[in-house]
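Student: Here's my sequence, what's the structure:
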Amino acid sequence: MFTAKNFNIGQLSGVSTKNIEEHLKLYAGYVTHTNLVLEKIRELSSEAEKNMGLISGLQRRLGFEYNGMRNHEVYFSLLENGAQNINESGDLHKAITTQWGSFENWLVEFKAIATTRGVGWAMLYYDKTEGKLLNAWVDEQHIGQLQNCKLIIALDMWEHAFVYDYPTSEKKNYIEAFFKNLNWQVAEKRFTE
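Tutor: Next up, the predicted model:
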């Protein structure tokens, strides 16, 4: 069974305590539903052939719930312990600069991905096979997750992530607030692990 994690998120700039509190409740729901789906799959598997249709539907749901849980854990961990600037002599900054020519070039591209219409996530991954960073959009929680890649940055672009603070027409302000509050030491640690 999975357990919801606790996060040390203090006062944020441009993101209200109310928004974080409500968002954490939603995350806890993903943990609960991941456990419920797994429990139901186990229960139905005792008569797998008879329950094949139900199990198939639950397996699809598992990807949504489980990735919702894990994506949020990365997202909230990046907001813990106060904002920290990126270490310009660190490995992550060097890798970004090498691939995009400058940190600013990467940031422009990443923010553009975050404005994709619809619900989902803007992600920075590290491709372990090629040794490269990749920006990507993930629809919902699970459609477009990149195989064999380490998730470095997860920016939740579902409306629930900013609705208490910004109307959907101002989601660019939420993106800016996320980067003002980002603890780059957490991202660096995820990259170097």
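Student: Do a quick rundown of the strands in this structure.
Tutor: Shown for the chain, the strands assigned by DSSP state E span residues 120-127, 132-139, 149-156.
Student: Which helix runs longest in the chain?
Tutor: Looking across the chain with DSSP state H, the single longest helix is helix 17-44.
Student: Run the angle between that one and strand 149-156 for me.
Tutor: Orientation check (axes from the mean of the first three to the mean of the last three Cα atoms, to 10 degrees): helix 17-44 against strand 149-156 gives 130 degrees.
Student: Summarise which helices and strands helix 17-44 is packed against.
Tutor: When contacts are defined as 3 or more Cβ pairs under 8 Å, 6 or more residues apart in numbering; DSSP states H and E, helix 17-44 sits against helix 52-77. All C-beta spots, glycine's among them, are computed from the backbone N, C-alpha and C.
Student: quick one: buried residues of the helix it packs on?
Tutor: Neighbour counts over helix 52-77 (16 or more other Cβ atoms under 10 Å) mark 55, 58, 61-62, 64-77 as buried.
Student: and of the strands of the chain, who's closest to residue 33?
Tutor: Closest approach to residue 33 among the strands of the chain is made by strand 149-156 (16.9 Å; Cβ to Cβ).
Student: neighbouring contacts of that closest one?
Tutor: 23, 70-72, 74-75, 78, 92, 110, 114, 121-128, 133-134, 175, 178, 182, 187, 190-191, 193 (Cβ atoms under 8 Å, 6 or more residues apart in numbering).
Student: Tell me which residues touch the residue lying farthest from the centre of the chain, please.
Tutor: Going by Cα atoms, centre = their mean, the residue of the chain most distant from its centre is residue 50, 36.2 Å out. Residues near residue 50 by Cβ under 8 Å, 6+ apart: none.
Student: care to break the chain down by domain?
Tutor: Annotated domains of the chain cover 17-77, 91-192 [automatic domain parsing].
Student: Between those, which one is closest to residue 5.
Tutor: Nearest to residue 5 among the domains of the chain is domain 17-77 (5.9 Å), distances taken as Cβ to Cβ.
Student: can you give me how far the closest one is from the chain middle?
Tutor: 15 Å (Cα atoms, centre = their mean, to the nearest Å).
Student: pLDDT averaged over that domain, what's the number?
Tutor: Averaging pLDDT along domain 17-77 yields 96.
Student: What is the end-to-end distance of it?
Tutor: Distance across domain 17-77, first residue to last, is 16 Å (Cα to Cα, to the nearest Å).
Student: now do stretch 75-92
Tutor: End-to-end distance of stretch 75-92: 17 Å, with Cα to Cα as the criterion.
Student: so how far is that stretch from its chain's centroid?
Tutor: The gap between where stretch 75-92 is centred and where its chain is centred comes out at 15 Å by Cα atoms, centre = their mean.
Student: Also stretch 122-138?
Tutor: Relative to the centre of its chain, stretch 122-138 is centred 13 Å away, using Cα atoms, centre = their mean.
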